[in-house]
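K.L.:
I'd like to go over a predicted model; first the sequence, then the structure.
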Amino acid sequence: MATTKTDPKLALANATKKARVHDTLSREQLIQAYRLMYMSRRIDDREILLKRQQKIYFQMSGAGHEAVGVAAGLALRPGYDWFYPYYRDRALCLALGVEPYQMFLQGVGAADDPSSGGRQMPSHWSYPSLHIVTQSSPTGSQILQAIGCAEGGRYFARHPKAAEVPKNPLLASAARTGAPPSAASVDYRQFKNVSFQNDELTYVSLGDGTSSEGEFWEAMNAAALGKLPVIFCVEDNGYAISVPVEVQTAGGSISRLVSGFPNFHFEEVDGTDPMASHAAFQRAARYCRQGLGPAFVHAHVIRPYSHSLSDDERLYRPESERERDAQSDPVTRTQMYLLREGILDDKGINQLEKEVDAELQTAVDRALGALPAAPESVMNFMYSPDIDVTSSIFETAPVADGASDGKKVAPKTMADLITATLRDEMKRDERIVIFGEDVADCSREEYLRQKLVKGKGGVFKLTFGLQCEFGDDRVFNSPLAEAAIVGRATGMATRGLKPVVEIQFFDYIWPAMMQIRDELSTIRWRSNNGFSSPVVIRVAIGGYLTGGAIYHSQCGESIFTHIPGLRVVFPSNALDASGLLRTAIRCDDPVLFLEHKRLYRESYGRAVYPGPEYMIPFGKARIVQPGTDLTVITYGAVVPRALQAAQKLEREQGTKIELLDLRTLNPFDWETITASVAKTNRVLVAYEDTLSWGYGAEIAARIADQLFDELDAPIRRVAAKDTFVAYQPILEDAILPQPNDLYLAMKELVSY
Ligand SMILES: Cc1ncc(C[n+]2csc(CCOP(=O)(O)OP(=O)(O)O)c2C)c(N)n1
Ligand SMILES: [Mg+2]
């Protein structure tokens with residue numbers, strides 16, 4: 001561990017004496033630094049004016065943070081290193097090469113705004129060619145992704161072949177002949193250019209208040225554990241909106257709190273001093289590039305303006321305190337320094353400022369004339385524009401029953417086929433990495449090597465054997481931190497990896513909710529297709545376990561189908577699980593893959609392994625059995641229960657029930673539902689989740705809305721009671737939908 005402290009009070013105040021110490025910037029670079037700092041402040045001032053004139057709709061300033069931003073930008077390498085900045089990093093972005101015009105385009109919400117096409121507030125940076133990765137608004141949710149980004153870079157450095165796009169004679173010939181490409185030739189890799197450098201690093205910044213977020217600590221832990229080349233920059237302006245640092249951070253110093261993390265290089269610096277900051281970043285970068293571990297730069301800065309234009313800091317900061325801050329304004333102090341050192345005289349300063357002002361005026365005029373984003377564009381880039389997951393290229397036949405030697409092969413469970421599918425996909429695609437809680441065979445590899453242990457491979461053993469086969473850099477245990485699992489995976493996928501991560505129980509997916517809802521699912525849309533993160537999240541879900549109780553049995557899929565941008569899959573049998581998982585892995589969208597625990601080893605729905613190319617397109621329901629009297633729409637563990645009920649009714653009164661297994665919940669197969677309802681005129685929607693506001697509500701509403709004329713009876717729903725799943729099996733049975741509940745509803749509907 002290395003620590004460097006620059007006393008904030010000494011820097012710049014004694015600048016003449018200290019000049020040689022901080023002399024990592026040449027005279028030209030100092031002038032350039034001042035130009036960028038001045039430009040950054042003037043953009044803020046100009047935006048504030050534009051906001052008051054109602055020509056832009058929001059403003060977030062980087063005032064007071066200019067020196068540290070410019071210093072980082074000059075010390076690091078755009079388009080080579082990777083950047084996860086936060087909203088105060090205007091000066092950093094300018095130093096990396098973003099043009100003022102591009103910033104104003106975001107302010108006016110222009111179609112040509114390169115960060116988001118008018119979708120995000122200003123100061124939400126996204127510039128793919130500079131490696132500035134799309135930023136969201138939740139404080140701190142970028143930090144875990146920065147970890148994944150660094151892991152991705154390191155993975156490609158160690159597996160350079162994985163970065164290559166596989167040669168696809170089939171795809172090439174399809175392009176030549178115009179024939180549709182075949183399934184085996186298509187996957188996300190064709191649309192994901194990977195670049196990496198052996199000594200690259202990832203920069204991530206945050207405010208002092210944001211260091212209170214749990215995800216910050218998860219990221220610090222992951223960076224230290226992995227000795228990852230990540231520079232954390234805390235820009236400490238002493239406030240989080242109105243909350244001062246001593247109320248935010250125990251003891252008032254984030255440096256003190258993090259000082260125990262191993263493998264880090266620490267810097268605490270006056271972030272209003274461009275030279276001290278630059279020197280700190282150079283040391284930090286050197287440490288990271290040498291592969292020694294992560295670095296932490298704690299930069300003391302000021303916030304001369306209120307938090308945002310919606311905030312008035314005079315309500316909680318007295319004039320005296322604000323005046324004290326003004327004394328260390330980085331723009332004025334740097335200007336004074338240039339004058340004092342004779343680097344620029346008054347004339348030079350005036351000239352420089354005039355040039356910048358003229359440039360900004362031109363940029364503002366151009367941006368105000370730019371076309372706003374078109375209303376027709378709002379649905380663009382919700383999903384991959386390159387690979388349509390509902391397309392027939394994902395429709396492949398299973399290979400024959402594997403009975404090459406004449407002997408019949410025994411059908412396998414859903415658990416077996418998921419494992420087999422993961423194994424074959426890992427063989428096919430070196431970009432796949434698997435991690436999560438307990439998914440490895442054994443983290444202490446020597447035990448495996450010495451054959452002291454057999455290995456675990458997940459609490460349900462679905463990843464058993466994969467670490468032994470593919471190595472511990474492709475299959476590994478994560479800390480017990482769900483947000484970190486999804487956040488790291490998101491960062492990795494941004495770089496072109498295909499993380500297939502596991503959330504051990506659906507009941508514990510909630511710490512990752514911010515990452516799923518506000519990050520993973522939004523990245524492509526909010527960056528206007530600048531970035532994407534096609535992660536697969538496998539989750540064990542569901543009840544009917546006798547004893548699983550409230551925290552090991554819940555469903556809740558409708559909460560995720562309510563998220564645009566996320567594919568949701570819920571197979572009911574082994575063959576579908578294999579085909580759908582393969583599609584999930586090869587496709588270009590993020591997928592939540594829900595695996596029902598009760599179905600893992602059920603005798604219902606076992607199948608022979610359908611071979612390494614078997615896929616099922618999303619949005620195609622399976623007609624479990626055809627019928628004419630009633631349509632039952634369901635999925636997951638209710639499928640075998642509904643089948644049992646339907647068979648009973650058929651035995652008793654000859655009723656023919658058409659049973660649809662949706663298989664994927666987003667997208668869902670409206671076409672098959674429409675055809676079926678037109679035939680039967682009666683509908684039952686059945687699902688294991690709680691009844692109210694559940695997945696079936698949307699299906700029922702759609703049918704009522706669009707197929708009303710086809711109906712001869714009300715649409716009914718059978719689902720769990722609006723409570724939680726209880727431990728005592730008698731209670732669990734009463735809570736979850738049972739075959740008899742389905743039978744009664746079916747009987748009532750057919751005779752309505
Ligand atoms: C998760 C989350 N909670 C709350 C907010 C609202 N919010 C935006 S900025 C901010 C304060 C951030 O303070 P700090 O991290 O110190 O950064 P600063 O703005 O001072 O640079 C808050 C509470 C948010 N964007 N995200
Ligand atoms: Mg702050």
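P.N.:
Yep, it's here. Ligands and ions are numbered 1, 2, ... in the order given.
K.L.:
For the rest of this, base every contact and every neighbour count on C-alpha atoms.
P.N.:
Fine.
K.L.:
same question for stretch 479-486, mean pLDDT?
P.N.:
Stretch 479-486 shows a mean pLDDT of 98.
K.L.:
State the next helix or strand along the chain beyond the worst-scoring helix or strand of the chain on mean pLDDT.
P.N.:
Taking mean pLDDT, DSSP states H and E as the measure, the chain has helix 15-18 as its least confident helix or strand, at a mean of 42. Note on helix 15-18: by DSSP states H and E, the next helix or strand toward the C-terminus is helix 27-52.
K.L.:
any idea of the angle the helix or strand following that following helix forms with helix 27-52?
P.N.:
Later in the chain than helix 27-52, the nearest helix or strand by DSSP H and E is helix 66-75. Calculated by axes from the mean of the first three to the mean of the last three Cα atoms, to 10 degrees, helix 66-75 forms an angle of 130 degrees with helix 27-52.
K.L.:
pLDDT weak spots in this protein?
P.N.:
Scanning the chain for pLDDT under 70 picks out 1-22, 168-185, 401-406.
K.L.:
What residues does the stretch 101-250 of the chain have near ligand 1?
P.N.:
Counting by Cα under 6 Å from any ligand atom, the stretch 101-250 of the chain comes close to ligand 1 at S137, P138, T139, L206, G207, D208, G209, T210, N237, Y239, A240, I241.
K.L.:
repeat that with 8 Å
P.N.:
137-141, 206-211, 213, 235-241, 245 (Cα under 8 Å from any ligand atom).
K.L.:
Mind giving me the ChimeraX command for buried ones among those?
P.N.:
Listed next is the ChimeraX selection for buried residues among these, using 16 or more other Cα atoms under 10 Å:
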select :139,140,141,206,207,208,209,210,211,235,236,237,238,239,240,245
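K.L.:
In strands, which of the residues of the stretch 101-250 of the chain next to ligand 1 appear?
P.N.:
L206, G207, E235, D236, Y239, A240 (DSSP state E).
K.L.:
Can you pick out the most distant pair from the residues you listed?
P.N.:
Largest separation among these by Cα to Cα: L206 and Y239, giving 12.2 Å.
K.L.:
Please tell me how far whichever residue of the stretch 551-700 of the chain sits closest to ligand 1 sits from I418.
P.N.:
As assessed by Cα to the nearest ligand atom, ligand 1 sits closest to I563 within the stretch 551-700 of the chain, at 18.0 Å. As for I563, its distance to I418 is 25 Å (criterion: Cα to Cα, to the nearest Å).
K.L.:
Just give me the residue right at the centre of the chain.
P.N.:
The centroid of the chain falls nearest to L520 when counting by Cα atoms, centre = their mean (2.7 Å).
K.L.:
Show the contacting residues for it.
P.N.:
Neighbour list for L520: G487, T490, S533, V535, L566, P590 [criterion: Cα atoms under 8 Å, 6 or more residues apart in numbering].
K.L.:
pretty sure the last one contacts T522?
P.N.:
It stands for P590. No: under the criterion of Cα atoms under 8 Å, P590 makes no contact with T522, lying 10.0 Å away.
K.L.:
and for those two, which residues touch both?
P.N.:
Counting by Cα under 8 Å, 6+ apart, the common neighbours of P590 and T522 are G565.
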